[in-house]
Structure formats: C-alpha cells, structure tokens
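1. coords please:
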Amino acid sequence: MTAVFQESALQELSPADRDLFEAFGAGPIRTPPFDQVHRAVETHAARRPHLTAVEHLGESLTYGELDAKAGLLAELLVRSGVRPGDHVGLFLTRSISMVVGVLAVLKAGAAYVPQDTGTTSEARLRHVVRTAHIDVVLTTSADKLPDHLATVIAIDALPDISAFCRTPTADSGIAAVIFASGSTGVRVSHANLCNVLLTAPGSLGVTPGTRVAQLLDIACDLAMWEVLGTLANGGTLVLRGDNAGRAASTADVVIATPDVLASLDPRACRRVRTVAVAGERCPQALADVWARRVAFYHGFGPAETTIVNTVQRHQPGDGQLTIGEPVPNTTVYVLDDDLQPCPIGAVGEMWVGGAGVTAGYADDLDLTARHYHPDPFLGGDHLMFRTRDLARWTADGRLEHHGRAGDQVEVLGFRFELASVIAALECSAGCDRATALVHGGRLVGFVSPATAAPEAARRAVSRRLPHYCVPALIVPVDALPTTERGEVDRRALVSLLDGLRQESAA
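-> I've put the predicted structure just below:
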C-alpha cells in the first residue's frame, strides 16, 4: 500500500509516466509503534531495566538508570519554568550527561536544541539562544558557557534524590530544533523522528543489545539517528572518545558522514555488520569497499526532511551508487521550474512530501514560506519541501543525485553540473574524495588525499567529459574541509585558493 496522489496534479504526464510517478514517488505505508520518541525509550527501560543503554570511556548507564536520571532532570526543568513546547539548550561536549539531557528534555515536553561547546563559538551559542528563544540551557560542570547566556543547569550536579514526585506534563509536538547549517534552526517533530527511526530501513535492524557507535557532532541532524535511533530501538549507544575508530571497532552499527567513514579502517571494524552513510555525497569507491563487508545503506536528505528521506541498500555489483527510494510514509517528486512533474528519466528539482517534512524554521516564517509549499500531489494540509537538489528517476525506480540546483555552472560559455566533474575526479587513481567549484572564472578541482596526482585526475576527467569540464587547476589536499553537518565547506576551499594566490604573488 502506498500514498494516494491527486490525479488532477498529474494531468501533464503521459499515462505511462503517471503510473511510474506514483509507483516510484511514494514509500510504503507503515505505522510506527510510537508517536513520541521518548515513550519508546521508556518502554525499553520498563521491560529491560538492567540492559546497558549507553557507555562512554569505561562508564555506563543501564536503561533503568538512564530513565531515572532523565526523569529527575525533567522534574528540575519543569520546576525551573520549562513548559511543553519550550526550547531547551543542550550545550555540552559528548558525554553520558548528553544522553541524559536529551531524554530529560523530551520527558519535560520540551524540544532540545543541541550544540557542541567544543566546536561552537560564543557568538554562535548566543545566536542559537536568541533565535530559538531559549531560557534554560543544560550543560555539565566541565563545559564553559558564556556569561549571562540563560538559566544554566549542570546535568552532572543533580541532587541525590532516590524518590521524587514527577509533575505531569503534556507531550509536545516538536522534539528538537536542529541548527544543521546556516543561521536558522529546523523544527523536527516526534512524529517525524518516529517515522524514520522506528521503521525499516531507518531502524537499521537495531534491537535490544545492538551496539551503535556515536561518532558525530551532536549539533548534526544525523546525531539524532545515532542517539535516538539507538535508544528508541533498545540498543546500546557507544559514545566515542578522542578515537572514533576505537568506538566503531566495538560496535555492530555505524552511522556516519562519508568524511567520517573514510577515516575508519574497515579491517579494524570486524564486528560492524551495518553501516549507514548520509550528510553529503558519498564516493562510489568508499561505498563499494564497505558494501563488500557489511549491509551498506546510502541515505539522502536535508535536515528539513528529517535525517534521510531516501535510502538505498547498496551491494557489490549494483553498479552506480544512487540515493535510493523514499522511506516509509514519505514521497519524493522530481519537478520542473513550474512545479510540474518531469517525465520519468528527466532531471529536475527534488521536492519531498509526507511524514518526513518538518515543521519549518524556528522564528523565520518568511524562510519557511519560501521552502515549504502546499503539496498538490497529496492535497489536504500536506506540505512539501524544496530540497534544491537535482535528481532523476532511473528505469528501476531509484533516484540519481545530480548535484545542487545552484551547482550548475558556466565556464567558457558552456553550462554543466559540478556533480559530473566531481564523479570523474573520483575515478582517478589514488583519489578517495574530490570536489569542484568555480573561482575567479576558472573551474578548480580538489582531490584528497594530498598524494593524489593532479595530472592523473585531469586525465580521468578528460576521458569522461568534454574539454570545458576539465578543471584549469587541481589542488591536492590532505582532506576536504567540512561543515558541522559533514558537507564540504566551500568557503574554506575558497580561502585556501586565495591563500595560494597570495603565496604565488609573493
């Protein structure tokens, strides 16, 4: 069973394309077992209180202990004035207290707003507090916060109370506000999270006792997949220390960006049986290496569509890596500039509908209105989100990603997409990852690691693409710089180019 589309919105398609639009564009209908993500965690705590919920650097909490600590902290939040629907800052570095804080905020009926104090500037923290209207911030005694930020509660300094009376609180619709990139937070609902985390493939086969590595920055939306996806399914969350590889080597499941996954040695991760990667473009070679050893899932989706909205189970011999198919209860549309469906196989802009579409941006109604539109295909009060990504359907119903809508560039009078150049660069010997941009009117490629040969990369592009797609300059780098979300940081690359230009001029 799949979603029912409004026939009136499909009139421009041929009958054959109309059938495929409906078959390809809707994920299966599934009913998540919970509609509040913390209720799933509480259920596991009641059924298996002695099962290890989280561990970090030799310390651990069982589900019973985690639930009790989070319950106490939730009561303190309520007594501090937090009400259902409020936003509570979670500003700290990775620790067991971080996990207690996430669950406590949800139990209090509020939404948590995560930031890693080890990587976030004071100006950024103040911006998040102001934009998300945060009055209370959770942290630890080891984390240093700016003065006069908000009411601050240290999670690791809770009073030692063996029994306490919990104030009943109403459930909230919003679970988290994620400042994944840019200056505006995305409001992610409990229903959004339960849909992707408690149904396959997003559940990743996690069951009680499954060990899941927690490797990513808590401010990243993929960290919700690690933390809440593990606890809502009864798994054991393994928080990394300084060495990500050590945590990954003891886990059954790894969720990562391609950049983080590339830093792990598959031979040292013999216990790992499932890997899920998302957050940015994944090189085919990286996917192939891991898919030979584990169940490898390649996901795609901006934070506004709740972690991932399409997933492919990639296996050796599959051929080209795609971004897969819609996850349950979601829809994907490939549309032209007039928001009309593109013929199957044509490249268009990807829009997402259904249960993954989040509740817009915090404190920015204008930006929300520009990116979230009424969904003419599902009708009713449904909204669809404009991803600004280009895609096309393959003949077997998978989505090929063709770069960002803004990644179509013009060089020497020719227009083309950077994604094709990047894919060709990554086919060169010795290149693990690559990217490209236009700077000063020239096409510039970047290859990593720094041992990758620019001439070999140039020849690889020349063999596959027209002459105007060959970068005028190819720069080897140790690693591509990334943003908090794990996407390639193009501003950092432009700064690198400017620095190289100044050095050559000197």
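
2. which residues does the closest residue to Leu390 other than its chain neighbours contact?
-> Using CB to CB, 6 or more residues apart in numbering and skipping the chain neighbours, the partner closest in space to Leu390 is His402 (4.0 Å). Where you see a C-beta, it was placed from the backbone N, CA and C, and this is true even at glycine. His402 is in contact with 347, 389-392, 417, 419-420, counting by CB atoms under 8 Å, 6 or more residues apart in numbering.

3. so which of these comes closest to Ser189?
-> Asp389 (22.3 Å; CB to CB).

4. Are we agreed that that closest one is in a helix?
-> No - looking at Asp389 with DSSP: H, G, I helix; E, B strand; the rest coil, it is strand, so not inside a helix.

5. Surely it is in contact with Glu349?
-> Yes - under the criterion of CB atoms under 8 Å, Asp389 makes contact with Glu349 at 7.1 Å.

6. Now do the shared contacts for those two.
-> Ala405.

7. Quick one: end-to-end distance for stretch 189-204.
-> End-to-end distance for stretch 189-204, by CA to CA, to the nearest Å: 20 Å.

8. Would you mind listing the buried residues in it?
-> Neighbour counts over stretch 189-204 (16 or more other CB atoms under 10 Å) mark 189-199, 201-204 as buried.

9. With stretch 426-433 instead?
-> 426-428, 431-433.

10. Give me the subset of these lying in strands.
-> Arg433 (DSSP state E).

11. want to try a markdown table for the buried residues of stretch 426-433, with distance to Val272 and pLDDT as columns?
-> Shown next, in a markdown table, are the buried residues of stretch 426-433 (distance: CB to CB, whole Å; pLDDT from 0 to 100):
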| residue | distance to Val272 | pLDDT |
| --- | --- | --- |
| Glu426 | 23 | 91 |
| Cys427 | 27 | 90 |
| Ser428 | 28 | 91 |
| Cys431 | 25 | 93 |
| Asp432 | 19 | 90 |
| Arg433 | 21 | 92 |
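
12. Endpoints of stretch 321-340, how far apart?
-> 27 Å.

13. Now do it, average pLDDT.
-> Taken as a whole, stretch 321-340 has a mean pLDDT of 96.

14. if we can go back for a sec, and the contacts of His402, which is closest to His148?
-> Taking CB to CB as the measure, His148 lies nearest Asp389 of these, at 40.5 Å.

15. if I pick the closest one, what's in contact with it?
-> When contacts are taken as CB under 8 Å, 6+ apart, Asp389 is in contact with 300, 302, 349-350, 401-405.

16. go on, Val177?
-> 87, 111-113, 132, 185-188, 362.

17. so which of the residues you listed comes closest to Gly27?
-> Distance to Gly27 across those (CB to CB) is lowest for Val188, with 18.2 Å.

18. For Val357, see how far away the closest one is.
-> Computed as CB to CB, to the nearest Å, the Val188 to Val357 distance reads 10 Å.

19. who's more crowded, those two?
-> Val188 (27 against 23; other CB atoms under 10 Å).

20. So that one: helix, strand or coil?
-> strand.

21. where does it land on pLDDT?
-> Looking at Val188, the pLDDT reads 98.

22. Now the terminal residues of stretch 115-122, how far apart.
-> 11 Å.

23. and the residue nearest to Leu390, that's in a strand?
-> Yes - under three-state DSSP, His402 falls within a strand.

24. which stretches of the stretch 151-300 of the chain form helices?
-> 190-197, 222-232, 244-249, 258-262, 284-291 (DSSP state H, counting those that start in this stretch).

25. what residue ranges in the stretch 251-400 of the chain score low on pLDDT?
-> By pLDDT under 70, the stretch 251-400 of the chain contains no weakly predicted segment.

26. ok, which stretches of it are strands?
-> Ranges of strands in the stretch 251-400 of the chain, per DSSP state E, counting those that start in this stretch, are 253-256, 274-277, 295-300, 310-314, 325-326, 330-335, 348-354, 372-374, 383-393, 399-404.

27. Now do the end-to-end distance for stretch 236-256.
-> 17 Å.

28. what's the answer for stretch 262-279, then?
-> From its first residue to its last, stretch 262-279 covers 13 Å (CA to CA).

29. Check the offset of that stretch from the chain's centre.
-> Distance of stretch 262-279 from its chain centroid, counting by CA atoms, centre = their mean, to the nearest Å, is 17 Å.

30. again with stretch 434-448
-> 25 Å.

31. And for stretch 214-225?
-> On CA atoms, centre = their mean, the centre of stretch 214-225 falls 7 Å from that of its chain.

32. Can you report how many residues lie near the spatially closest residue to Arg313 that is not a sequence neighbour?
-> Leaving aside its chain neighbours, Arg313 sits nearest to Tyr297 (5.7 Å; criterion: CB to CB, 6+ apart). Tyr297: 24 surrounding residues under other CB under 10 Å.

33. what would the strands of the stretch 251-400 of the chain look like in TSV with distance to Thr151?
-> Shown next, in TSV, are the strands of the stretch 251-400 of the chain (distance: least, CB to CB, whole Å):
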stretch	distance to Thr151
strand 253-256	33
strand 274-277	37
strand 295-300	37
strand 310-314	40
strand 325-326	42
strand 330-335	38
strand 348-354	37
strand 372-374	32
strand 383-393	34
strand 399-404	40
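
34. do you know which of these lies nearest Ala262?
-> strand 253-256 (8.8 Å).

35. Tell me the one of the contacts of Asp389 nearest Lys69?
-> Pro302 (33.1 Å).

36. Quick check, central residue of the chain?
-> Nearest to the mean C-alpha position of the chain, counting by CA atoms, centre = their mean, stands Leu222 at 3.6 Å.

37. Would you agree that one is in contact with Val277?
-> No - the pair Leu222 / Val277 is not scored as a contact, 9.3 Å apart, by CB under 8 Å.

38. Quick check: neighbours shared by those two?
-> Joint contacts of Leu222 and Val277 (CB under 8 Å, 6+ apart) are 255-257.

39. Which of those residues ranks first by neighbour count?
-> Ile255 (30 neighbours).

40. who's in contact with that residue?
-> So Ile255 contacts 204, 212-213, 215-216, 222, 225-226, 229, 275-278 (CB under 8 Å, 6+ apart).

41. and if you look at Pro374?
-> 382-384.

42. how about a cut-off of 7 Å?
-> Listed by CB atoms under 7 Å, 6 or more residues apart in numbering, the contact partners of Pro374 are Leu383.

43. so how far is Leu383 from it?
-> 6 Å.

44. do Asn195 as well
-> In terms of CB to CB, Asn195 sits 15 Å off from Leu383.

45. With Cys269 instead?
-> For Cys269, the distance to Leu383 - CB to CB - is 39 Å.

46. Comparing the two, which residue is more hemmed in?
-> Shown here are Cys269 and Leu383; by other CB under 10 Å, Cys269 has more neighbours (22 against 19).

47. Please report phi then psi for the more buried one.
-> phi -110, psi 50 (degrees, to the nearest 10).

48. That one against Ala247, yeah?
-> No - in this structure, Cys269 is not within contact of Ala247 by CB atoms under 7 Å, at 10.1 Å.

49. For stretch 113-121, what does the pLDDT average out to?
-> 92.

50. chain center to that stretch: distance?
-> Averaged C-alpha coordinates place stretch 113-121 at 17 Å from its chain's average position (CA atoms, centre = their mean).

51. Show me what counts as buried in it.
-> Result for stretch 113-121 [16+ other CB under 10 Å]: buried residues 113-117, 120.

52. So what would you say the end-to-end distance of it is?
-> 15 Å.

53. Now do that stretch: everything it contacts.
-> By CB under 7 Å, 6+ apart, stretch 113-121 touches 87-93, 125, 128, 132, 134, 143, 145, 177, 185, 217-219.

54. ok, how many other residues are close to Arg270?
-> 9.
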